[in-house]
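*Asks:* Got a predicted structure plus its sequence, pasted below:
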Amino acid sequence: MLIPATDSAFCRKCNGPIRKGDQVSWVDPRDMAGASGPYHVDCTPLAEDASIARIASEAAAATRAELEARQANAQRDFRVPIASSRSVRETILLSASVAVACALLLLAASMRFPYDFYSVLRLVVAVTFALLARRFWHHRNSGWRLGLAAFAVLYNPLLPVHLARGIWVPVNIATAVVLLAALYETAFRQQRGASGA
């Protein structure tokens, strides 16, 4: 008969250790003369215990195989692309620089500031456009790359383009719109790429 071992013992057949709580085949002295005591389930002299052990072992193997198959299917069906920490940092940096650049551009369009403000504005906007152009470098539509590069050159602080204030106001507003559109396009493209479309 199969029972849990009440104490640590040794198998009567192979002399291997049996831990307390292990399933063992206990042979009663009435069943087999002189062969009483605990046996490993695999070592038991009782045919019914051996067949029960074989059935239990096969069921456990089938359950294990079924569980592994379910886990593999779950991983395949629910695989979610995980963004690397580098791409997350780049996206946060890009979004923050676009937000700051847009705020500065709209301020510049609505108020008058000292020349130093416009120098900082040029630097922030040029760096933002350079980051966006880098993001679009492998994009199929080269119009985005060329347009973003043109805006980066327009706002370049090293070789500044000098225009009248009346011209800069609509240019600044248009630049803010282009920045937001480019940020939307990168986010849309990234989302589309993550969904597998």
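*Replies:* Perfect, thanks for sending it. Numbers count the residues shown, from 1 in each chain.

*Asks:* alpha carbons only for contacts and neighbour counts from here, please
*Replies:* OK.

*Asks:* what about this structure, any weak spots by pLDDT?
*Replies:* Segments of the chain classed as low confidence (criterion: pLDDT under 70) are 1-2, 27-36, 42, 49-50, 53, 56-57, 60, 73-88, 138-142, 187-197.

*Asks:* If we use 80, what do you get?
*Replies:* Flagging of the chain using pLDDT under 80 yields the residue ranges 1-7, 12-13, 21-65, 67, 69-97, 99, 106-110, 131-145, 183, 185-197.

*Asks:* Please enumerate the strands of it.
*Replies:* Along the chain, the segments classed as strands by DSSP state E run 2-4, 9-10, 17-18, 23-27, 37-40.

*Asks:* Take the ones you listed and write them to TSV, including mean neighbour count.
*Replies:* Below are those laid out as TSV (neighbours: other C-alpha atoms under 10 Å):
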stretch	mean neighbour count
strand 2-4	16
strand 9-10	16
strand 17-18	16
strand 23-27	23
strand 37-40	23
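
*Asks:* and stretch 100-116, how far out from the chain's middle?
*Replies:* 39 Å (C-alpha atoms, centre = their mean, to the nearest Å).

*Asks:* Buried residues of that stretch, list them for me.
*Replies:* By 16 or more other C-alpha atoms under 10 Å, the buried positions in stretch 100-116 come out as 101-102, 104-109.

*Asks:* could those residues go into CSV alongside distance to Pro45?
*Replies:* As requested, those are exported to CSV (distance: C-alpha to C-alpha, whole Å):
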residue, distance to Pro45
Ala101, 84
Cys102, 84
Leu104, 88
Leu105, 89
Leu106, 90
Leu107, 92
Ala108, 94
Ala109, 95
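
*Asks:* so which of the strands of the chain comes closest to Arg134?
*Replies:* Proximity to Arg134, assessed across those by C-alpha to C-alpha, is greatest for strand 23-27 (65.2 Å).

*Asks:* Give me the helices and strands touching the closest one, please.
*Replies:* Strand 23-27 makes packing contacts with strand 2-4, strand 37-40 when contacts are defined by 3 or more C-alpha pairs under 8 Å, 6 or more residues apart in numbering; DSSP states H and E.

*Asks:* In a markdown table: those strands, plus distance to Leu146.
*Replies:* Formatted as a markdown table, the helices and strands packed on strand 23-27 follow (distance: least, C-alpha to C-alpha, whole Å):
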| stretch | distance to Leu146 |
| --- | --- |
| strand 2-4 | 77 |
| strand 37-40 | 77 |
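
*Asks:* Tell me which of those strands lies nearest to Cys14.
*Replies:* The nearest among these, by C-alpha to C-alpha, is strand 37-40 at 8.3 Å.

*Asks:* and the strands of the chain as JSON lines, adding distance to Leu131?
*Replies:* Compiled in JSON lines, the strands of the chain are given as follows (distance: least, C-alpha to C-alpha, whole Å):
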{"stretch": "strand 2-4", "distance to Leu131": "68"}
{"stretch": "strand 9-10", "distance to Leu131": "71"}
{"stretch": "strand 17-18", "distance to Leu131": "67"}
{"stretch": "strand 23-27", "distance to Leu131": "66"}
{"stretch": "strand 37-40", "distance to Leu131": "69"}
